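Chemist: sharing a model that was predicted from the sequence below.
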There are 2 protein chains.
Amino acid sequence: MVVQADEAVFRPVRAGNPFEETVERLLQAIKLGVVGPGDRLPPERELAARLSVSRVTLREAIHALTEAGYVESRRGRYGGTFVNAQLPKPPRTPAKRIARDLADGLEDALTLRNVLETGAAEAAASRELTTAEQNHLRRCLDENAAASLTDYRRLDSRLHLAVAEVTGSPSLTSAVADVRMRLNELLDAIPLLERNIAHSNVQHAVIVAAILTGDPAAARRAMQEHLSGTAALLRAFLA
Amino acid sequence: MVVQADEAVFRPVRAGNPFEETVERLLQAIKLGVVGPGDRLPPERELAARLSVSRVTLREAIHALTEAGYVESRRGRYGGTFVNAQLPKPPRTPAKRIARDLADGLEDALTLRNVLETGAAEAAASRELTTAEQNHLRRCLDENAAASLTDYRRLDSRLHLAVAEVTGSPSLTSAVADVRMRLNELLDAIPLLERNIAHSNVQHAVIVAAILTGDPAAARRAMQEHLSGTAALLRAFLA
DNA sequence: CGTCAATGGACTGTACGTAGACCAATAAAC
DNA sequence: GTTTATTGGTCTACGTACAGTCCATTGACG
């Protein structure tokens, strides 16, 4: 009997209660650099509507993030909830624990990421990009290249997300964001080496160049190489 | 200001209430052929646990599907909930309405499907398949090829799902199942032509052969061609 | 023919999430 | 300085979903 499809289709309907899911989403926005330090989140009423969550639940999620040191709220007109300039650094979960938690899930996540991101790079290069999209991509590339060590991971995520964005497919963008979050905890456990960063920056430039010049095959190939490097690091680190 | 990533990350936390989501999942299992006519669903207690839903909610969902003519329940030991041999045929939503509903979403779904399924084909061909996996793939291929007109769509879905299954990545399998469901309504609106079916069967055989012989590039290329045919049909039909 | 394990069916109390209205504070605009 | 629109903060009533328990039915097996 084949159980693989059963597992896929009878998986949990939702990952947690609305509160937990909302916290996760806001963290996604912050950790993937969709909203940067100092940026303001949308007003509670609007954000609650977009997330299809009651304002009470959203506020509880924001409260949790406030206590964790991610955001701060100010009342009154021109007030709002702002992302802190100094983000709390993740608690450095022991690698052993991560490895145990994700032992099976790691290959799953890496496979999905490989499919999504190489596909996104190819799809992006197959499109006619607007000037705004081109600028967005270039800006994300430059900001990442100029990033300090503490900001690198977030701006790296932001760049990869930008590649998905310029495919014009919101679903694909969401999927890339989700799988990136799944791998984030692991990536945080790996020490950042200057040499690796330099290498990444070069690869990023190649990927973006291929997308901007409209070379799908090259974009896919470059992304593939880039990802396999990270994947190798992860596998080695957790071995 | 770039809003693409905002849309992706601030999208609704959940598509509906647990009841609706559960109905959708069970329909997914039936319509994608994961459970065929005459098959028994897992016992309510077990299924509720796997879906992370209360038994009450699951029962309400099953009740809805019973009224819609998809399943039937029998009490007692060796009882259970069984998929009807004769499935109700979908209500043939007018194409105009579908086109209006999915106007924007169509390209989004097609892009995602292309990325996921070509990626799945390549990933599947890159793996060492167990004998069970090989047989499963072949069986799905054969059953689809032998299918009658009324069964064709379901067994076609089942085959595509099988390709994702043999990548060994549950997340990828789920993603393929989800995007297939999004396109299902549209596919149901397109008339099935014998000639198209024959062509599809040939392409399916090529895809499966490439996977079984471990030729990732060929698998990707074959799947790509296969999908672009369907995509062209959909775009033309809704134009 | 009786037993019994497994399954669907039904009920109760609790907790959580929601919708909506209202209050409080803030800073730009006048 | 006053006004005012916008935003976060608070409260209440309601509905839904959940966990747990018990009941009803069935058919294989001894």
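Modeler: Received it, and whenever you're ready, just let me know what you need. Numbers count the residues shown, from 1 in each chain, chains lettered A, B, ... in the order given.
Chemist: C-alpha only now, for contacts and for neighbours.
Modeler: Will do.
Chemist: any idea how many residues pack against the closest residue to A:Glu44 other than its chain neighbours?
Modeler: Excluding the flanking residues, the one nearest A:Glu44 by CA to CA, 6 or more residues apart in numbering or on different chains is A:Arg55, at 6.6 Å. Neighbour count for A:Arg55, taken as other CA atoms under 10 Å in any protein chain shown: 16.
Chemist: A:Arg55 touches A:Ala48, doesn't it?
Modeler: Yes. The pair A:Arg55 / A:Ala48 is scored as a contact, 5.3 Å apart, by CA atoms under 8 Å.
Chemist: what helices and strands are in contact with the helix ranked longest in chain A?
Modeler: What stands out as the longest helix in chain A, according to DSSP state H, is helix A:95-125. Judged by 3 or more CA pairs under 8 Å, 6 or more residues apart in numbering or on different chains; DSSP states H and E, helix A:95-125 is in contact with helix A:149-165, helix A:170-189, helix A:194-212, helix A:216-238, helix B:95-125, helix B:170-189.
Chemist: so which bits of the fourth one are buried?
Modeler: Along helix A:216-238, the positions that meet the burial threshold by neighbour count (16 or more other CA atoms under 10 Å in any protein chain shown) are A:216-224, A:226-227, A:231, A:234, A:238.
Chemist: before we move on, what about the longest one?
Modeler: Residues of helix B:95-125 classed as buried by neighbour count (16+ other CA under 10 Å): B:95, B:98-99, B:102, B:105-106, B:108-125.
Chemist: of the helices and strands packed on helix A:95-125, which shows the lowest average pLDDT?
Modeler: Mean pLDDT is lowest for helix B:95-125 among the helices and strands packed on helix A:95-125, at a mean of 86.
Chemist: average pLDDT for the next helix-or-strand element following it?
Modeler: Using DSSP states H and E, the next helix or strand after helix B:95-125 towards the C-terminus is helix B:131-145. Per-region confidence: helix B:131-145 scores 97 on mean pLDDT.
Chemist: what is the burial count for the residue lying closest to A:Asp6 once chain neighbours are set aside?
Modeler: Closest residue to A:Asp6 apart from its sequence neighbours, by CA to CA, 6+ apart: B:Val34 at 6.7 Å. B:Val34: 24 surrounding residues under other CA under 10 Å.
Chemist: and what about B:Val34, helix, strand or coil?
Modeler: At B:Val34 the chain is in coil, as set by DSSP: H, G, I helix; E, B strand; the rest coil.
Chemist: returning to that earlier point: and the angle for the longest helix of chain A with helix B:95-125?
Modeler: Per axes from the mean of the first three to the mean of the last three CA atoms, to 10 degrees, the angle that helix A:95-125 makes with helix B:95-125 is 120 degrees.
Chemist: re earlier: wait, which of the helices and strands packed on helix A:95-125 is closest to A:Arg139?
Modeler: Set against A:Arg139 and scored by CA to CA, the helices and strands packed on helix A:95-125 come closest in helix A:149-165, at 8.8 Å.
Chemist: residue contacts, the closest residue to A:Ala217 other than its chain neighbours?
Modeler: The shortest distance from A:Ala217 to any non-neighbouring residue, by CA to CA, 6+ apart, is to A:Glu122 (6.5 Å). Residues in contact with A:Glu122 (CA atoms under 8 Å, 6 or more residues apart in numbering or on different chains) are A:Ile211, A:Asp215, A:Pro216, A:Ala217, A:Ala219, A:Arg220.
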